[in-house]
Each structure stands twice: as C-alpha cells, then as structure tokens.
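Novice: with the input below, show me the fold.
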Amino acid sequence: MKTNSILLFFLCLFLIFYLGKFIFLPLFLALFFYLVIKSVTNKMLILINSWLGVNLNKFYAMALMLITISTFAYFLWIILEVNINAVLGKSNIYQVNFEKILLYLSKKPINSFFEKNDLFSSFDMLTIFSNILNSLSSFAGNFAFVIIFIIFLIFEENHLKKKLNSVLKSSNIRILNKINFDIFFYFQLKTITSFLTGIFTFIVLFFLENDLAPAFGIISFFLNFIPFIGSLLSILLPFVFSAVQFLNFFEPTLTFFLLLLIQIYIGNFLEPKLMGKTLNISPMVMIIFLTIMGKIWGVSGMFLSVPLLVIILIILRNMKSTKKIAIMLSEKGEL
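Specialist: Just a heads-up that it's a prediction; the model follows:
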C-alpha cells in the first residue's frame, strides 16, 4: 500500500466513525467488553479444567460470564449512584470550601491567572455532581444496546469461525489465530492491572476518608485504559476533590503521592513485567489517535482509543504487506 492510499484509508475510516457514531460507538464498546469477557472466560476455563478436571462448554461459560459481569456492572452503577447522591447532598459544603480555596489563591502571586479565568469562579458543585449523575443515568440506559451487541457477538463467534475456515487459506487462518491470541493476551492483562489500579485507589482513598472513594476507585479502573491522560486524571481528580473536602495540606498531599506510587508501580513495573514488554506504540501516535478519537466519540472515544490502536497494531504487524506501517507506529522502530 502506498502512503497516499494509507492516508486516504484512515481519513475515510475516521469520517465513517464520525458519521456513524450512533452505531459504531455502541458496537465498539460491545466489542471491547466482549474481548474482556472472552479473555476472562478463557482464563476461567483453564483454571476449572486444571483444578477440577471438568471441561465446560465455552458458549455456556461465556454466557455465564456475561451475566456475572453485567450483574457486577449493575452493582457498580448502584454504588456510583449512591456515592454521588450522598456527595450531592453535601455539595453546598464543598462549594463553600472551593470558594475559600479560590479566595486563598487569589491572594498569592498567581492571582492574575484566576482573575483572568472566569471558569474557576463559575464552578458550581451542585451542577457538576448533578450533570455527572445525569450522564451516568444516560449511559446506563444506553448500555442495554451494548449488551444486545455482546449477545450477538457471542452467538456469531462459532459461525464466523466456520465462514473464515471456508473462505481463507490455512496460512491466513494461522495469522488470524496469532492476531486473536495477541489481542486476548493484551486485554486479559490490561483488565487485571486496571482492576488492581481501581482496588488500590479505593483502599487508599477509603482510609483517607475521601467521600468519593468508591466512585474514584471505579473511575480509575476505566481511566487505566486511557494512556497518559487516564493516569494523570486518576491522580489529579481525587487530589483536587480531597483539597476541597478537607481544606488542608495533609490529606490532599498524601492522596497525591500515594496514588502517584500506585500509577508508577502498576504502569512502569507490573504491566511491563506481566506483558513481557510495553505496548511498543509511539507516544506521539498514541496522543494523536487519542485526540482524534476524543474529538469523534468524546470520552468514550478516548477510553476506546488505545484498545483500538493496539488491535490495529497487532493486525498490521502480523500481515506481511503492512509490517512497515506497524514499524512506523511502534515506539522503538522494531516489532
């Protein structure tokens, strides 16, 4: 493929994503959760077979895992709703504290920055928490559409395999199997590290008596799938809220450094050790793709950007004709 053809292909692809947001966004969200469900199911089947010596039917195992994860997601949503509603009831206290912080900062050398930015003075905690709650309710309503897509993906899996075996050569099937293995390996480990990030974040904030500890724990799980910005937000959001809640230096400072240690340990030590290597994607490519997907699909696009980029890179590096493109997208120029 020539460079011009590749650029044209990606431009057309992004245009299709933008115009078809109403169908592609829930479809890709469904594909993401389907990959997570299948990864966890494969791991569960291996453990059950090795421990109990029982071979479960893969279809029923995936259906059971879908029900389990959907039930778990429902309870997480309930926890988020209850937690934010509780904070919503104290929004007037946070508003007063926030205004005190602004007043304190306005007396410092950086006061000109706050004087020129009406954004800070127009912050309304009640409106912010109400909007978050409305967004969660809206997402929960749309998630039913995602569940329907996941169910169809599970039903279609076996039929798709038969179709591919009928139309593709054995060499192409081997390439697809390699792509399949690499994708599930990534999602399996990323899900584990994201889960650990969420748990550790919740534990730290719980012991520091942060009012939004459950919410930040859940949010940090999803933010872990967003590079750079996700890790930064997982630290800054609890830090800022802690400052507003406690109005002192101790809890916010401790929150910042403990969450920073969690992100450094999981992102720089645990993930590379489990995966054997980093994602090997150019940070510049990652940021550009993150920005584009954020512009096209908003926060959901940012959340899906790296999983999509990982899938694209895995596919490109496993095809002879596109290996050079994969090398250009890689961090170190090697695969």
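Novice: ok, which stretches of the chain are helices?
Specialist: 3-19, 21-52, 58-88, 91-106, 111-116, 118-121, 125-167, 170-207, 213-223, 229-246, 250-264, 271-275, 283-317, 323-329 (DSSP state H).
Novice: what about the nearest residue to residue 240 once chain neighbours are set aside, how many residues nearby?
Specialist: Nearest non-adjacent residue to residue 240, counting by Cβ to Cβ, 6 or more residues apart in numbering: residue 252, 7.9 Å away. To be clear about C-beta, it is placed using only N, CA and C from the backbone, and glycine gets the same treatment. Neighbours of residue 252 under the rule other Cβ atoms under 10 Å: 21.
Novice: ok, now which ones touch residue 252?
Specialist: By Cβ atoms under 8 Å, 6 or more residues apart in numbering, residue 252 lies in contact with 239-240, 242-243, 246.
Novice: just to revisit the earlier point, with respect to burial, which of the helices of the chain scores highest?
Specialist: helix 213-223 (a mean of 22; mean count of other Cβ atoms under 10 Å).
Novice: quick revisit: for the residue nearest to residue 240, give its distance to residue 53.
Specialist: Residue 252 is 52 Å from residue 53, where distance means Cβ to Cβ, to the nearest Å.
Novice: do the same with residue 311
Specialist: Taking Cβ to Cβ, one finds residue 311 at 34 Å from residue 53.
Novice: ok, now residue 287?
Specialist: 48 Å.
Novice: do residue 286 as well
Specialist: For residue 286, the distance to residue 53 - Cβ to Cβ - is 43 Å.
Novice: then residue 305?
Specialist: 42 Å.
Novice: do the same with residue 10
Specialist: 49 Å.
Novice: just residue 62 next, same as before
Specialist: Distance from residue 62 to residue 53, by Cβ to Cβ: 21 Å.
Novice: just residue 95 next, same as before
Specialist: 60 Å.
Novice: do residue 248 as well
Specialist: Distance, residue 248 to residue 53, using Cβ to Cβ: 57 Å.
Novice: these two: who's more crowded?
Specialist: residue 248 (10 against 7).
Novice: local confidence estimate at the more buried one?
Specialist: At residue 248, the pLDDT value in this model is 88.
Novice: now residue 259
Specialist: Reported pLDDT for residue 259: 95.
Novice: for it, give me its contacts.
Specialist: Counting by Cβ under 8 Å, 6+ apart, residue 259 has contacts 201, 204, 234-235, 238-239.
Novice: for the residues you listed, give me JSON lines that also has pLDDT.
Specialist: Listed next are the contacts of residue 259 as JSON lines, based on pLDDT from 0 to 100:
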{"residue": "201", "pLDDT": "95"}
{"residue": "204", "pLDDT": "95"}
{"residue": "234", "pLDDT": "91"}
{"residue": "235", "pLDDT": "93"}
{"residue": "238", "pLDDT": "93"}
{"residue": "239", "pLDDT": "94"}
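Novice: distance to residue 169 for those residues - can I get that in TSV?
Specialist: Below are the contacts of residue 259 laid out as TSV (distance: Cβ to Cβ, whole Å):
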residue	distance to residue 169
201	47
204	53
234	45
235	49
238	52
239	55
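Novice: closest one of those to residue 181?
Specialist: residue 234 (29.4 Å; Cβ to Cβ).
Novice: for the residue lying closest to that closest one once chain neighbours are set aside, give me its contacts.
Specialist: Closest residue in space to residue 234, ignoring its immediate chain neighbours: residue 220 at 4.3 Å, by Cβ to Cβ, 6+ apart. Taking Cβ under 8 Å, 6+ apart, we find residue 220 in contact with 197-198, 201, 234.
Novice: can you name the two of those that sit furthest apart?
Specialist: Longest span within the contacts of residue 220, Cβ to Cβ: 198 and 234, 9.2 Å.
Novice: list the residues that contact both of those two?
Specialist: What both residue 198 and residue 234 touch, as defined by Cβ under 8 Å, 6+ apart, is the set 220, 224.
Novice: residue 37 - nearest residue in space that isn't next to it in sequence?
Specialist: residue 65 (5.2 Å).
Novice: average pLDDT for stretch 63-78?
Specialist: Stretch 63-78 comes out at a mean pLDDT of 84.
Novice: next one: stretch 33-45
Specialist: On average, stretch 33-45 scores 79.
Novice: how about residues contacting that stretch?
Specialist: 56, 58, 61-62, 65-66, 69, 146, 149-150, 153-154, 183-184, 187-188, 191, 307.
Novice: sketch out the low-pLDDT regions of the stretch 1-150 of the chain for me.
Specialist: Residue ranges of the stretch 1-150 of the chain with pLDDT under 70: 1-7, 9, 54, 105-126, 129, 132-133, 135-142.
Novice: how about 80 then?
Specialist: Where the stretch 1-150 of the chain drops to pLDDT under 80, the residues are 1-14, 32, 35-36, 39-40, 42-44, 46-59, 101-145.
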